[in-house]
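>>> Here is my input; please provide its structure:
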Amino acid sequence: MSFVHLHLHTEYSLLDGMSKIGLLVTRLKEMGQTACAITDHGNMYGVLDFYMKMKDAGLKPVIGSEVYIAPNGRLNKDKDVGFPNHLILLAKDFKGYQNLSHIVSIGYLEGFYYKPRVDYEILKKYHEGIIALSACLKGEVAETAAKGDEEKALTIARRYQDIFGKENYFIELQNHGIEEELRALPILRSVAKRIGAKTVATCDSHYLRKDDYAAHEVLLCVQTLQKMTDKDRMSFNGPYYHVMTEDEMRERLPEDEEAIQNTQLVADMCNVEMPLGAYHLPRYIEEGQTTPWDAEVNRQLLEKMTMDGIQRLYPPEQLKEATARARMELETIEKCGFVDYFLIVQDFTRFARRKGIAVGPGRGSAAGAIVAYATGITEVEPLRYNLLFERFLNASRISMPDIDMDFEDARRGEVIQYVRERYGESSVAQVATFGRMEAKQAVRDVGRALGMLPKDTDLISKLIPFGTGLEDSLDTVDQLKTMYGDGTKLSGTTVKELFDTAMKLEGVNRNFSTHAAGVVIADTELTNYLPLQRDKDGNIITQWDHNLVEAFGLLKMDFLGLSYLGVIQNTVKMVKDQLDVTVDISHVDTEEPAVYNLISSGDTVGVFQMESGGMKGVAAGVRPSSIEDLTAIISLYRPGTIKAGGIQKYIDRKNGKEKVNYYHPSIEGVLKPTYGIIVYQEQIMQIANRMAGFTMQEADILRKGVSKKKADILAKQRTIFVEKSIEKGVPKKTAEDVFALIDFFAGYGFNKSHGVAYAIMVYRTAWLKVHYLIQYLTALMNSGLDAEDRLKELVAECRSKNISILPPDINKSDKLFTVETQADGSQGIRFGLLAIKNLGSKAIDEIMEERSNRAYSTFKDFQRRSSGGKVNRKSVECLIKAGAFESLGEDRVTVLREFSNQNGKAPVADDSATGLFGGSVGEPGASASSCDTAGAAAMEKEAFGFFCFCSPFQQYELLLAKYKAKRVSECADCDDGSTVTVMGLLTSAKTAKSKAGHAYGKCMLEDDSRKVELMVFEYVLGQFQPCFDREGAIVLEANVRMDGDELSLTAKKFIDFVTPEQAKGSKPVAVPRRVLKLTMTEQQVNGEILKDVLLLTHHYPGKEHWRILYRNGTEHCLEVGNKYWVTITPALLKGLAEILGPSGVDYS
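All right, here's what the predicted structure looks like:
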């Protein structure tokens, strides 16, 4: 085999190349080729992936890129600068690879103008170790040759030859059947001969096989947003851009045998060896340190920091154990070479805490390290929760440690910027990630390119199960299988053509973006290791994803932004500012019954990780009473564990419904906290250690081995485990049973260290909700300003807790939601101006600055004082629609009508704006008269994205009980596939046709706190269609569908339609229900007993009424006000019985 592909584009030439690297390598092996180059357009995204897969297959990788050459210099970015030319660059050795990395990076960081461009200056500077090929028809030499200008082509070729050296510059010969190529070929041969350059035969490969041509044309349409039917669409001329065989190349270039042979010559010249298997970790130097880096100095520094922390954090009776554990960990850390790693992590964590940036209690297996706890990296105490250091770092299995950190999302960027400044801008970058064309996306993209209507591609896309590939979907979804096989057409395209094309594109890289958390820190300039570029926000990022960064041996850490940390921080600040109470959230009592009661009751809107219906159900079953219980809930609630029945087993055993088996006394202590079920990966290690005598390092290897579920590994580990157990006196049958248990749960076991860290977060958020409810909900609302569905949910939560939501007020609203004391002494949450759509931050600043002088007295006064500046007409309209001026005595409908009649651009400080005002300045909020109009409700929805104060749904709420119907928002707590009766408002109702004329309806169904998609298929469409254009609420039976976390409904049966007029005449329906009645004496009602009762009920806020019965000659019944309504739980009833006695509590 003498031909080698030297010009080849993979899927990393985004939406242009189609060859997936794994399949490419397989194809090369099939063809008998021994080497191949990767030359993606302007980038090096895939070079390491390609390198490793080629090496694994025993093939030689040639690393390259097809760079763009700016004709007038890389810094020239004028409109008429012209199109850049192409040039193939291949690395001869690692120095050449580094120079290629510099060139490609400069193209993005300095020369980017539509494309990443470089110029002759950069090529001269970084030419060492690089071979250049003249490229395709877009190369300068070939482009000029195609025009017939041999002398100019000669001049250009000589210039490149002078830059790279005679032996390192080659002229490419290509024949894809294009007329221009055929014209260029004789001139290119002549130019090569005249300058003494060798020629190489290349194929501008963009896809694997010849029959991929049609799919590749579709891919080009996806890139350019064109359709296959467009006459002027981007297209490759003919099906000859595949990975050709040597014979095919000879057919295309029969006169150029030497050029074919020369491809092997070039491949032989390219011998890049990547320095894999070594770590490239930065060296830590203390701030202010004047001496050079010294490994021993840093070892002593980490030891001192750790031991100082141990002394500070542990009581005297635990010091011996903690110190011994710390010394063991430090020894392993030093042996593995990760002392500087720990020092760097504690450095930026210390910076964050010093600057008041909220840091999470821990994340991942690092929470099991006492060194991390002692140095302030984490707040999880490993000894208390029986966490294992070996799960994090194992000296027998040295791999890069993984310390991921959570910071409050709003200030995460400050920490990253500190790391850049501290360790060098050129040595720190964020990490890229690639978005692949997943099944649903592939169907939509291909359908659009084939000219299909969106409704038809959406119909097919929705039939594909969440997380399932196209091929598996055809096997498992009967409707898809039928449509694929029977020639069904949608928008003139068969489902078979759609699927066949989409399956070829499924999984290719579609786009790149910045990883949500990844940051890489190197010991030198990053471009010595990998190429860089900028993301859409101008941040410098790697061209490799996190897997490739780590595979190269670079230090990659996740700096995650966690909104709940900001919520906690802001709640604590509000509590201090408003109540003068200092809350140390890191040291709150973690055993408060009221907190666990809240979690068990399902009152968990706004509680970290506990908001889904599934989590609420697990919490209700487990009824947690400790951090350990919360850890188990977090760890158990995952698809694998649910499918394996682990959750129900845990609940049944905890509640005494199922017998617990600990198998052997040696492991009872390991399994007892989880009732004989292996919930955590650490338990596998502890079982191996205690029953079979494994060292913890060996136990970690066992854990990792069995989790892979490979038969050969399992058989080997089973033999070792059973034999070692027998040596320790364990019966063979018991040892086999225990290993079977390990085998069963190994794939589901959760990282306990991570679970504990997040359980602490669960507890802290629940604790704040119990103790400082209004401040906590306010902070939550401020964290969801740009998420209308979340705001809608939180507004509903506030109202369920009898917390008033106060409307936007031009004189009282701040940027954010705030707690405000009303005239009657009660507190409410005032709407923040930033939650109003299309109202800019700068406009708000201007409004607030002006009103700091004095309050606005009328709308006209506001206009006069806001003239000019950032407060434009759009801003004023948004404020009006939000009702921000209603406290000035004018309803929004009137004000907007008058404002719209004004001529010219607003604000208008003109006395002609009369007739806008009336009534006195007060606090009418969203007045009844204002909300009675449909116009006001529509404006409010436009302003907030949802109905808040003027919800049309409110008038129908009395009918929910009549129909025994759920609200739309309540359907989220229902099981996937279940049938519910639901009431909601139909919005955005449309009808369409799919498949051979089958009609269907696509609607949105909403209440005042949520909206979901409702599909109405043909067999029931006739029942629903008359309601599509009517104002009112619909009652229906529907099937619940959960696609991941996305809720949708499918109509099953029409029940009723209620108009606004009918709703106004409705009366509350009496529904029999249990009522809590407390019997007390008159003395108790007027004394301390009632105070004790109220204090207890304060910890169980909810929606349930309760009454007090007492006698003072005659019997009285007091209905308690909604401020004191409760959630009825066994714990509440027990507490009340302890105060009043069993006879004083009646819940029937």
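>>> I figured residue 380 hits residue 755, correct?
No: Residue 380 is beyond contact range of residue 755, at 10.1 Å (criterion: Cβ atoms under 8 Å). C-beta: built from backbone N, CA, C; applies to glycine.
>>> Just give me the longest strand of this structure.
As assigned by DSSP state E, the longest strand anywhere in the chain is strand 979-994.
>>> so what does that one touch, helix or strand wise?
helix 454-463, helix 959-963, strand 966-967, strand 998-1006, strand 1033-1043, strand 1046-1058 (3 or more Cβ pairs under 8 Å, 6 or more residues apart in numbering; DSSP states H and E).
>>> Quick one: work out the angle between that strand and helix 454-463.
140 degrees (axes from the mean of the first three to the mean of the last three Cα atoms, to 10 degrees).
>>> can you give me the angle strand 979-994 makes with strand 998-1006?
On the basis of the same axes, to 10 degrees, strand 979-994 is oriented at 130 degrees to strand 998-1006.
>>> Now do the strands in the stretch 151-300 of the chain.
Here the stretch 151-300 of the chain has its strands, by DSSP state E, counting those that start in this stretch, at 169-173, 198-201.
>>> could you dump those to TSV with mean pLDDT, mean neighbour count and distance to residue 212?
Converted to TSV, those look like this (pLDDT from 0 to 100; neighbours: other Cβ atoms under 10 Å; distance: least, Cβ to Cβ, whole Å):
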stretch	mean pLDDT	mean neighbour count	distance to residue 212
strand 169-173	97	26	23
strand 198-201	97	24	21
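>>> Looking at those strands, spot the one closest to residue 1131.
strand 169-173 (78.5 Å; Cβ to Cβ).
>>> Surely residue 582 is in a helix?
No: counting by DSSP: H, G, I helix; E, B strand; the rest coil, residue 582 is located in no helix; its state is coil.
>>> where exactly do the helices run in the stretch 451-600 of the chain?
454-463, 470-476, 478-485, 495-505, 546-551, 563-579, 593-601 (DSSP state H, counting those that start in this stretch).
>>> for those, which one sits closest to residue 385?
For residue 385, the closest of the helices of the stretch 451-600 of the chain is helix 593-601, at 17.0 Å, according to Cβ to Cβ.
>>> Need the distance between the two termini of stretch 792-810.
The first and last residues of stretch 792-810 sit 21 Å apart, counting by Cα to Cα, to the nearest Å.
>>> next one: stretch 946-966
End-to-end distance of stretch 946-966 (Cα to Cα): 19 Å.
>>> That one: which residues count as buried?
Residues of stretch 946-966 classed as buried: 946-953, 955-957, 959-960, 962-963, 965-966 (neighbour count, 16 or more other Cβ atoms under 10 Å).
>>> Stretch 335-353 too?
Judged by neighbour count (16+ other Cβ under 10 Å), stretch 335-353 contains these buried residues: 336, 338-349, 351-352.
>>> what's the answer for stretch 416-425, then?
Buried positions in stretch 416-425, judged by neighbour count with 16+ other Cβ under 10 Å: 416, 418-420, 422-424.
>>> I'd like the helices of the stretch 451-600 of the chain written out as CSV, with distance to residue 540 and mean neighbour count added.
CSV is the format used below for the helices of the stretch 451-600 of the chain (distance: least, Cβ to Cβ, whole Å; neighbours: other Cβ atoms under 10 Å):
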stretch, distance to residue 540, mean neighbour count
helix 454-463, 36, 19
helix 470-476, 36, 16
helix 478-485, 44, 15
helix 495-505, 31, 21
helix 546-551, 14, 20
helix 563-579, 25, 20
helix 593-601, 43, 22
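>>> Using TSV, lay out the ones you listed together with mean pLDDT and distance to residue 728.
As requested, these are exported to TSV (pLDDT from 0 to 100; distance: least, Cβ to Cβ, whole Å):
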stretch	mean pLDDT	distance to residue 728
helix 454-463	89	55
helix 470-476	91	45
helix 478-485	90	54
helix 495-505	93	53
helix 546-551	92	38
helix 563-579	97	45
helix 593-601	95	39
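>>> among those, which is nearest residue 521?
Comparison of the helices of the stretch 451-600 of the chain against residue 521 by Cβ to Cβ identifies helix 546-551 as nearest, at 10.5 Å.
>>> Tell me the secondary structure at the closest residue to residue 746 other than its chain neighbours.
Leaving aside its sequence neighbours, residue 746 sits nearest to residue 706 (Cβ to Cβ, 6 or more residues apart in numbering; 4.2 Å). Secondary structure state of residue 706, per three-state DSSP, is helix.
>>> any idea how far residue 706 lies from residue 129?
Residue 706 sits 46 Å away from residue 129, going by Cβ to Cβ, to the nearest Å.
>>> higher neighbour count, the two?
A direct count of neighbours by other Cβ atoms under 10 Å for residue 706 and residue 129 places residue 706 higher, at 24 against 19.
>>> Low-confidence stretches in the stretch 851-1000 of the chain?
Counting by pLDDT under 70, the stretch 851-1000 of the chain shows low-confidence ranges at 868, 903-935, 994-997.
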